[in-house]
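[1] prediction below, plus the sequence it came from.
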Amino acid sequence: MSLTWRRWSRRCAISAGVERAGSAAATGTCRPTQNLTTQVKLTILTPAPRTRLRGRMLSLIDHVGVAVADIDSALALYRDALGMELVHRETVAEQGVDAALLDVGDGHVELLQPLGPETAVGKFLARRGPGLHHVAYRVADIDAVLTALAAAGLRLIDESPRVGIRGSRVAFLHPASTGGVLTEIVQPAEDH
Ligand code: CO
């Protein structure tokens, strides 16, 4: 290996046969001044395109929604047997449910009892029986996140946020574009 090669190699911060991420070639300083017999493969790693929000859109799994036929019966499992603290109950007319929130660390389980058979959860229960209904991710700015998700090609059930439990703002994504999982994003009210 010639002296010229070693200088060039050192300047390029690479050695023969070893790929390194670097920007030397991009700056135009990584050209040999003499013919070199050693084959060098220089790979420039380019970061994946990033949206402004990517990587910090979803801060936490806020809750899992569970469809139940009767909240009081379900509390025997979630509160009494599993030991979760019941922190809130509410009828959420806009979603057609009686709902209960139980604490699990910083997240919750959200029990959903339909107000009638024609509601979304009522139809879900008739079709699939009780069980996991949706996963909800917490966001800080639901309007910005909805815009970003639509731009990413996801199918929105809610084009704009609606009222959720405990004064939150929520929006649902269609399971057809989220791998079969009904997905909710939720921005909690200021005091939660
Ligand atoms: Co929910």
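    Done, it's in.
[2] list the helices and strands the one helix or strand residue 149 maps to packs on?
    Residue 149 belongs to helix 142-151 when assigned by DSSP states H and E. With contacts defined as 3 or more Cβ pairs under 8 Å, 6 or more residues apart in numbering; DSSP states H and E, helix 142-151 has these neighbours: strand 169-173, strand 183-187. For the C-beta atoms, the positions are set from N, CA and C on the backbone; glycine is no exception.
[3] what's the closest of the ones you listed to the ion?
    The minimum distance between the ion and these falls on strand 183-187, with 4.7 Å, by Cβ to the ion.
[4] show me what the closest one is packed against.
    Using 3+ Cβ pairs under 8 Å, 6+ apart: strand 183-187 touches strand 60-67, strand 131-138, helix 142-151, strand 169-173.
[5] outside of that strand, which residues touch it?
    Outside strand 183-187, the residues that touch it by Cβ atoms under 8 Å, 6 or more residues apart in numbering are 58, 62-63, 65, 134-142, 145-146, 149, 161, 164, 168-173, 175.
[6] mind running it again at 6 Å?
    Contact with strand 183-187 is made by 62, 134-139, 142, 145, 164, 168-173, as judged by Cβ atoms under 6 Å, 6 or more residues apart in numbering.
[7] how far away is residue 94 from residue 168?
    Distance, residue 94 to residue 168, using Cβ to Cβ, to the nearest Å: 11 Å.
[8] the two: which is more packed in?
    residue 168 (21 against 11; other Cβ atoms under 10 Å).
[9] show me the helices in this structure, by range?
    3-12, 24-27, 71-75, 120-128, 142-151 (DSSP state H).
[10] pLDDT score for residue 93?
    At residue 93, the model reports a pLDDT of 89.
[11] same deal with residue 78?
    97.
[12] which residues does it contact?
    84, 102, 109.
[13] stretch 92-102 near the ion at all?
    No: Stretch 92-102 does not reach the ion (Cβ under 5 Å from the ion); its nearest approach is 7.9 Å.
[14] separation between residue 173 and residue 82?
    Residue 173 is 28 Å from residue 82, by Cβ to Cβ.
[15] the two: who's more crowded?
    Shown here are residue 173 and residue 82; by other Cβ under 10 Å, residue 173 has more neighbours (22 against 12).
[16] return the residues in contact with the more buried one.
    Per Cβ under 6 Å, 6+ apart, neighbours of residue 173: 154, 183.
[17] check the helices and strands packed on strand 183-187 for me and report the most buried one.
    Greatest average neighbour count among the helices and strands packed on strand 183-187 goes to strand 169-173 (a mean of 21), per mean count of other Cβ atoms under 10 Å.
[18] mean confidence score for that one?
    97.
[19] starting at the chain centroid, how far to that strand?
    Centroid separation for strand 169-173 versus its chain: 13 Å, with Cα atoms, centre = their mean, to the nearest Å.
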